[in-house]
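>>> coords below, sequence missing:
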């Protein structure tokens, strides 16, 4: 289907810019689409949506393709941001990038592109799709350091069938080289980092704009009160920085780490030492698994509980209320409710689920 029409999600970054060029080189009919997903620019003028749109337009002009623009900020607010705030209010640590991909980029954007006559959509994500018996399967990118399948595990299999990931076949260094040689307007632009709607803001001040903080006690794992916290939503399991407590407790100078949150008493639980037993979990309880390739249970596989982690051996078993019990072959550090566990078979991403509880 090389004459097929592909609409590329143009973010104003280098990856989506090169993705559009690669598709043109492959013979597709290519158009661009810029999504504005966040309406509230801060007092410093962040969310540089106007700058990103200008960069996307400049690249589309260079490539000779049209650029559509659409505002998904209302959908983003309802489907992604409200969930983000609710999770923090309940003391959990959400990952809005996963939900943004599921609800916006591979749902709202896909449907909008199809209404514009597209056969496929494409993005600048580092991942690969293999067709197996006519069904699209999600695989890791060639560049393992940049692989983004962790963030893509929650999209619908039907959306994968309508998606192309051109840059997934290349190393990031090659993508930069392509952009440089083509002199694309985005060739020297830095990669975006952090949560899109927070940008360069301090995370704490951002949350304070939307959620009323409830200060409380900081207690050791033995129950001794040693300080005050600013609100449980500002802390995540395994966190060391920003606790406001020093060493020298009971003769130890080891740093303090967040090991638990007691929501009923609004207490932050801390312990000393980077290898304290309370930092580790034998397993977890997950929510329902979103399958990209369903497996029979119980099931021995590999999974990771955060983006920057190697896969860990585990056994997945059904639990009550459509939940699942995941037990690891070795203890895992800082398993965090609200984050995601994502399952793999070698290079194939099989799906994932929300982490609900820790098993110590």
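Happy to help now that I have it. Bear in mind the structure is a predicted one, so any value in this text is a computation, not a measurement.

>>> ranges for the helices of the stretch 101-250 of the chain?
Taking DSSP state H, counting those that start in this stretch as the test, the helices found in the stretch 101-250 of the chain are 109-115, 149-152, 157-160, 172-181, 203-208.

>>> what is the mean pLDDT for the third one?
Regarding helix 157-160, the rounded mean pLDDT is 96.

>>> Outside of that helix itself, list whatever touches it.
Applying Cβ atoms under 8 Å, 6 or more residues apart in numbering, the contact partners of helix 157-160 are 106-107, 110, 129, 135-138, 292. Where C-beta positions appear, they are placed from N, C-alpha and C, glycine not excepted.

>>> again, 7 Å this time
106-107, 110, 129, 136, 138, 292 (Cβ atoms under 7 Å, 6 or more residues apart in numbering).

>>> got it, and the longest one?
By Cβ under 7 Å, 6+ apart, the list of residues contacting helix 172-181 from outside reads 14-15, 17-18, 21, 143, 146, 167, 186-187.

>>> quick one on the thing from earlier: tabulate the contacts of helix 157-160 (a markdown table), appending pLDDT.
Below are these laid out as a markdown table (pLDDT from 0 to 100):
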| residue | pLDDT |
| --- | --- |
| 106 | 97 |
| 107 | 97 |
| 110 | 98 |
| 129 | 97 |
| 136 | 94 |
| 138 | 98 |
| 292 | 96 |
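
>>> returning to that earlier point: ok, which of the helices of the stretch 101-250 of the chain comes nearest residue 63?
Residue 63 lies closest to helix 172-181 among the helices of the stretch 101-250 of the chain, at 11.5 Å (Cβ to Cβ).

>>> backbone phi and psi for residue 20, please?
phi -60, psi -40 (degrees, to the nearest 10).

>>> separation between the nearest residue to it once chain neighbours are set aside and residue 28?
Excluding the flanking residues, the one nearest residue 20 by Cβ to Cβ, 6 or more residues apart in numbering is residue 8, at 4.5 Å. Distance of residue 8 to residue 28, computed by Cβ to Cβ, to the nearest Å: 9 Å.

>>> Those two: which is more packed in?
Using other Cβ atoms under 10 Å as the criterion, residue 8 and residue 28 rank with residue 8 on top: 34 against 22.

>>> Just say which of the helices of the stretch 101-250 of the chain is most tucked in.
The highest mean neighbour count among the helices of the stretch 101-250 of the chain, using mean count of other Cβ atoms under 10 Å, belongs to helix 149-152: a mean of 25.

>>> on that earlier part again, where neighbours are concerned, which of the contacts of helix 172-181 has the most?
Counting by other Cβ under 10 Å, top hit in the contacts of helix 172-181: residue 17 with 32 neighbours.

>>> Can you verify my assumption that that one contacts residue 59?
Yes. Between residue 17 and residue 59 there is a contact under Cβ atoms under 7 Å: 4.4 Å.

>>> Check the contact lists of these two and give me the overlap.
Shared contacts of residue 17 and residue 59 (Cβ under 7 Å, 6+ apart): 184, 186.

>>> residues contacting residue 322?
Contacts of residue 322 by Cβ under 7 Å, 6+ apart are residue 288.

>>> Can you give me the separation between it and residue 352?
Residue 322 is 15 Å from residue 352, by Cβ to Cβ.

>>> Please apply the same query to residue 330.
Applying Cβ to Cβ to residue 330 and residue 352 gives a distance of 20 Å.

>>> Who has more neighbours out of the two?
Taking other Cβ under 10 Å, residue 330 and residue 352 do not tie; residue 352 has more neighbours (27 against 9).

>>> got CSV for the contacts of helix 172-181, with pLDDT and distance to residue 302 too?
Listed next are the contacts of helix 172-181 as CSV, based on pLDDT from 0 to 100; distance: Cβ to Cβ, whole Å:
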residue, pLDDT, distance to residue 302
14, 94, 31
15, 95, 27
17, 96, 34
18, 96, 31
21, 97, 35
143, 97, 19
146, 96, 19
167, 98, 25
186, 88, 35
187, 86, 36
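
>>> would you turn the residues you listed into TSV with distance to residue 70?
Listed next are the contacts of helix 172-181 as TSV, based on distance: Cβ to Cβ, whole Å:
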residue	distance to residue 70
14	22
15	20
17	18
18	22
21	22
143	29
146	27
167	22
186	20
187	26
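
>>> just to revisit the earlier point, can I take it that the residue nearest to residue 20 is in a helix?
No. If the criterion is DSSP: H, G, I helix; E, B strand; the rest coil, then residue 8 is strand and not within a helix.

>>> in this structure, which segments are predicted with low confidence?
1-2, 40-48, 193-201, 246-251 (pLDDT under 70).

>>> okay, now the domains of it?
5-181, 213-274, 279-359 (automatic domain parsing).

>>> Name the nearest residue to residue 272, ignoring sequence neighbours.
residue 254 (4.2 Å).

>>> My read is that the one you found contacts residue 273, right?
Yes. With contact defined as Cβ under 7 Å, residue 254 counts as touching residue 273 (4.3 Å).

>>> relative to helix 172-181, how tilted is the lengthiest helix in the chain?
For the chain, the helix that runs over the most residues, judged by DSSP state H, is helix 49-63. If you take axes from the mean of the first three to the mean of the last three Cα atoms, to 10 degrees, helix 49-63 sits at 70 degrees to helix 172-181.

>>> Any chance of the contacts of helix 157-160 in TSV with distance to residue 71 as columns?
Putting the contacts of helix 157-160 into TSV (distance: Cβ to Cβ, whole Å) gives the following:
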residue	distance to residue 71
106	18
107	15
110	16
129	28
136	28
138	28
292	29
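
>>> List buried members of the residues you listed by neighbour count.
Neighbour-count burial (16 or more other Cβ atoms under 10 Å) applied to these gives 106-107, 110, 129, 136, 138, 292.
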